[in-house]
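> compute the structure for the input listed below.
(chains A and B)
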Protein chains: 2
Amino acid sequence: MDTLTEYKALLSDIDKLNSAVSLLQWDQRTYIPAGGHAGRAEVLGKLSKMAFELATSDRLGDLIASLEGVDDLPELERASVRVVGRDYRRNKAIPPDLFERFTIARVNSESAWEQSKDSSDFASFAPHLSEMVRYAQQFAELYGYDESPYDALLEEYEPGMTAARLRTIIEPLKAKLVPFLRHLMEDGSAPDTSFLRGSFSIEAQRDLATEALRAIAYDFDTGRMDDTTHPFTIEIGPGDVRVTNRYHEDLILSGLFSALHEGGHALYGQGIPETLRPLGLADGASYGIHESQSRLWENMVGRSLPFWRCFHNKIADAFPALGGRSPEDLCGAANVVQPSLIRVEADEVTYNLHIMLRFELEVALLAGDLDVMGLPDAWRDGMRRYLGVEPTCHADGVLQDVHWSAGLIGYFPSYMLGNLYAAQLYATARRELPDLDKQIEGGRATVLLEWLREKIHHQGRIYEPETLIQRVTGEPPRSTFFVDYVTEKYGRVYSL
Amino acid sequence: MDTLTEYKALLSDIDKLNSAVSLLQWDQRTYIPAGGHAGRAEVLGKLSKMAFELATSDRLGDLIASLEGVDDLPELERASVRVVGRDYRRNKAIPPDLFERFTIARVNSESAWEQSKDSSDFASFAPHLSEMVRYAQQFAELYGYDESPYDALLEEYEPGMTAARLRTIIEPLKAKLVPFLRHLMEDGSAPDTSFLRGSFSIEAQRDLATEALRAIAYDFDTGRMDDTTHPFTIEIGPGDVRVTNRYHEDLILSGLFSALHEGGHALYGQGIPETLRPLGLADGASYGIHESQSRLWENMVGRSLPFWRCFHNKIADAFPALGGRSPEDLCGAANVVQPSLIRVEADEVTYNLHIMLRFELEVALLAGDLDVMGLPDAWRDGMRRYLGVEPTCHADGVLQDVHWSAGLIGYFPSYMLGNLYAAQLYATARRELPDLDKQIEGGRATVLLEWLREKIHHQGRIYEPETLIQRVTGEPPRSTFFVDYVTEKYGRVYSL
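Take a look at the predicted model:
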C-alpha cells in the first residue's frame, strides 16, 4: 500500500469510529432511556479514546511527515496534510496524563457549575474555574503561539485567527453597535408582539419547524429532525446529517428559529462533498464559518420580509389564530431588540455585545490580568457598558454559560464571527444574485443554497476561514457588512 | 494487573464495542435516513471487525488458557471461562480468509434470495443455497463434533443440544401434534373472529402495544419501543434494552402480540444482572431459552383468558367498536388455529410442525442426503404430511425464510425449543405459584416476572440450556408439557 493510500485508510478508520461516537451522542441526547446513561458514558469514553489513539498514533505522524516531504502532492492532498497535520500536532502537544487529569477536573468542574448555577453561588464554583483557567494557560503554552496565549486556544475553533486580529474586527463594530443600540432603544418604536401571546400546540410547532426546514431545502432523505433539550446538529456519517430541536408552548417563534438555525448548520453538512471525506477535509472550515451558515439561514433569511411573504401561509395553516396577520406583522414580531442578561436569548443587535464582553474577560483571565474572584464585578461592569443592564444574580451573569466550566476558552468569538461572516456572505450573495429577495419570496431559497454550496459547502476544510471569506467575498472578514445590515434593517423595523 | 482483572477488562472492551454496534444496528432499522445506509454499512463493518479481532485475539486466548489452569477459580468465574472459552474456540476455528469469502458469498446469496423470492424463482437461488450448504459443511468440520455435523452448527444457538437429542424430543411431539391438528380441524368449532375485521388506527394500536408492555411490567426507564419493519429486541447496553414493533391497519391483534413477544425477550434482557457483564455472562442462556421467554409472554400469558380478563378494558378504551366484546370473545379470537404455508404467521399448534420440516431438511442437506435441487419437492411433501397444505409457489414455500440464504443452518430448532421450554417453564410456574391465573387476572403479572427473574433471568449464560431447564423444572427438556398445554387449551377453545 502506498503512503497516500495508507494515510487515507487510517483517516477513514478514525472517521468510522467518530461516526459511531456521533450516533452514541445523538441517541444520548434524544432517545436513550434514563437507565442507559451510565453505561453509555462508558461506551462513549471507550470509543472516543480509541478514535483519539488512532488520531495521535505514531503511524499517522509518520504518514503525515512523509507526505509533507512529497513535492508534487496534488492541491487537495496538500490541503489535507496541512489540516490533518495541524490537528495531529495539537493533539500530540498535550501529554496523555495531563489530558487525563484535565478530563477528570473538567467533569468535576462541569458538575460544580451545574450546582452553582442552580444556587447562583459563584464562590463554590470559583476554584474549579481557576483550575480550568490554569489548564487553559498550560495548554496554550504547549500548543505554542507567536503573540498571545489566547491565539493558541482560538486556533482550535478559528484556525489562523488571533486576538489582535479579533480586536481590529471588534473595535469598529463596538464603536457603531453600542450607540446604535442606545439610539434604537431611545428613539425607535418596537414592533407589536402582542399577538404572539398564547398557547401553541407542540405538535403543530413541530410540523411547522419541519415545514421551515423544507422551505430552506434541508434534505430529509439524508437527515431527520428529533426532539431534544438543547438543540444541536450532528453529522452521523455520509448521507446522514441530523437536526434536533425543542419547543416551548408559549413561545411560538422560538422553536421555528431554532429549527432554521440548526437547519443552516445541517445544510452545510449536507453540502460537503463525499470526495473530501477520505482526506479528512469533510467538515466545516471553522466554528465561525459553521455558525455563519446557521445564522445566515436563521437571521438573514428567516427574519427577512421575503421569507415571511412566502412562509406566512404555513404559520396561518398551523395556527389559525395567526391567520389574520400580515407577513409584515409576523416579520416585525420576529425582529424585536431588547438588551437582556442572557446571551442565548439575545437578538441580532445585542448578541455580539455579549460575545465582546466574554472575549475581553477570557483574554484578561488567560493573561492573568483578571483574577477569577474579580470576574463577577468585571462582568457587571461590562454588561452595563455594552448593554446597559446588570445581572442581579450570578446565574443570570457569569454562571450562565457552560463553556468556561468545561475549559472551553476561545470558543465564544466564533459565535460573533459567525454573525459577521454571515452578513458579509449575504451581502455578497445579494450582489451576485440580484433577484434573491424575489426568489426567496417565491419559495426558491435553493437559489441561495446553490450559491452557498458552490462558494462555501463544497470547500469543506480546504481553506482557512479568513482565506475562504476573502475568496468568496473579495475582502477579508470585516464588521462593516454586519453593521450595515443591522443598522439598515433595524432602523427600518424600528422606524428610526 | 492480575489475569482475572485483565480478562474482565478485555471482555469489557469487547462489550463496549458491541454496544456501539447494537446502537448502529438499532438505528439502521428504526430512524436512519435513506441516504445513510451505505455509510452505515461501512461503519458497522469496521466496528464489528474490531470487536471480532478482540474476541479472537491471542491475548484473550492466553488469558482463557491461564484461567483454565487455575484450580480454585470461583464458580461464576469458572462458568465464564467455560462459556467465553467455547465462543473463543469457535471463533478461532474458522480461518479469517475462509470467513471473509463466506461473508462475501453470503451477501450475494442474501440479495439473490431477495430477488428470487420476489419472482418466486428457486432455480436462480439454488446455486447460492448450494454454496451456503457447502460453507456450512466446511464450518461443521472445522468446529468439530462427536456424532453429526449438524451438532456442530446447533451448538451456536443451543449449546449442548444435538440432532439425536432433538429427535427424541421431536418424535413424541410429532406423534401427538399431527393427529391432534387433524382432529381439531375436522371436529372442532373455530372461534369467531368476524368482529376483528375493520380498520384500526396505527396510533391507537401503538398506544395499546405500549399498554401491553406495561401490563407485563416491561420497564420503560431502561428501554423504549419504536417502529420498524421486522420487529426485534436489542440490548444496546447496561440499562437499555429496546423493543421495536410494527402495526397493520387491518390486523389489530398482530401488533399487540408482536409487542408481547418482543416484550418477553426484553424482560429477559432487563432481568440479567449487571454483575454478570464483566464475565461475559450477561446474555441469554441460548436462542431457545431466549425464545421461551418471548413465547411464554406472548402465548402462555398473552393468549390466556386471565390476561384478557385484565386487558380487555384497554382494548375497549382504544377501540370502542370492540367495547361490547367479552374477554372470552377476545381471547377466543386470539387463538385461531389454521394450517398455513407461512411459518411466521403460524399459530401455536402448527408452528412447531413448520420447524420439524425445516430441521429434517437441514439435516438431510448437510449430510448430503438431499440435493438442493430436490428441496422444493421435499418441502411440498413435508408440508402435506405435517400440515396438509402445499405451496403453489416457491415464495410461499422453500423461499419464505431468510435464514438459509444467510447460511444460518441449525437456527430453526431454537424456535421450536422456545415453545417447548416455555410450556415446561409455565407448567412449573403454575405449580409453584398456584394462584398465578388470579394474579394475572388482577393485573399482577409481576408475580410471574419475579419467578422468571429468579429462575431464568438472573442466571444469564451461567448454565447450558438443558441444565437450566433441569434445574428449574426438575426434568430435562421434554415435549409433554407443550402437548398437554395445546391439547388442553385448544380442546377447550375448539369445544372438542
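
> please verify my assumption that A:M1 contacts A:K8.
No. Counting by CB atoms under 8 Å, A:M1 does not reach A:K8; the two are 9.7 Å apart. In this view, the C-beta of every residue, glycine as well, is placed from N, C-alpha and C.

> which one of those two is surrounded by more residues?
Legend: neighbour count by other CB atoms under 10 Å in any protein chain shown for A:M1 and A:K8, higher for A:K8 (19 against 8).

> I'd say the more buried one and A:L279 touch.
Yes. In terms of CB under 8 Å, A:K8 counts as a neighbour of A:L279; the distance is 6.9 Å.

> give me every residue that touches A:I14.
Residues counted as contacts of A:I14 (CB atoms under 8 Å, 6 or more residues apart in numbering or on different chains) are A:51, A:54-55, A:280.

> report pLDDT for it.
pLDDT for A:I14: 97.

> so who does the residue lying closest to A:E328 once chain neighbours are set aside touch?
In this structure, A:E328 finds its nearest non-sequential neighbour in A:L305, 6.8 Å apart by CB to CB, 6 or more residues apart in numbering or on different chains. A:L305 is in contact with A:327-328, A:331, counting by CB under 8 Å, 6+ apart.

> center of chain A - which residue?
With distances taken as CA atoms, centre = their mean, chain A has A:E291 as the residue nearest its mean C-alpha position (3.9 Å).

> which residues of chain A lie near chain B?
Listed as neighbours of chain B in chain A under the rule CB under 8 Å from any CB of the partner chain: A:13, A:16-17, A:19-20, A:23-24, A:27, A:31-40, A:42-43, A:46-47, A:50, A:219-224, A:226, A:236-240, A:242.

> of those residues, buried ones?
Among the residues of chain A next to chain B, the ones that count as buried by 16 or more other CB atoms under 10 Å in any protein chain shown are A:13, A:16-17, A:19-20, A:23-24, A:27, A:31-33, A:35-36, A:39-40, A:43, A:46-47, A:50, A:219, A:222-224, A:236-240, A:242.

> from the residues you listed, which ones fall inside helices?
Under the assignment DSSP state H, these contribute A:13, A:16-17, A:19-20, A:23-24, A:27, A:39-40, A:43, A:46-47, A:50 to helices.

> want to try JSON lines for these, with distance to B:I456 as columns?
What follows is these, written out as JSON lines (distance: CB to CB, whole Å):
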{"residue": "A:D13", "distance to B:I456": "40"}
{"residue": "A:K16", "distance to B:I456": "37"}
{"residue": "A:L17", "distance to B:I456": "36"}
{"residue": "A:S19", "distance to B:I456": "37"}
{"residue": "A:A20", "distance to B:I456": "32"}
{"residue": "A:L23", "distance to B:I456": "32"}
{"residue": "A:L24", "distance to B:I456": "30"}
{"residue": "A:D27", "distance to B:I456": "29"}
{"residue": "A:G39", "distance to B:I456": "22"}
{"residue": "A:R40", "distance to B:I456": "27"}
{"residue": "A:V43", "distance to B:I456": "27"}
{"residue": "A:K46", "distance to B:I456": "30"}
{"residue": "A:L47", "distance to B:I456": "32"}
{"residue": "A:M50", "distance to B:I456": "35"}
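
> quick one: the strands in the stretch 151-300 of chain A?
A:225-227, A:233-237, A:240-245 (DSSP state E, counting those that start in this stretch).

> looking at those strands, which is closest to B:G284?
Each of those has some distance to B:G284 by CB to CB; the shortest is strand A:233-237, at 29.7 Å.

> next, the buried residues of stretch A:414-429.
For stretch A:414-429, the neighbour count (16+ other CB under 10 Å) marks A:414-429 as buried.

> what's the average pLDDT for it?
Average pLDDT, stretch A:414-429: 98.
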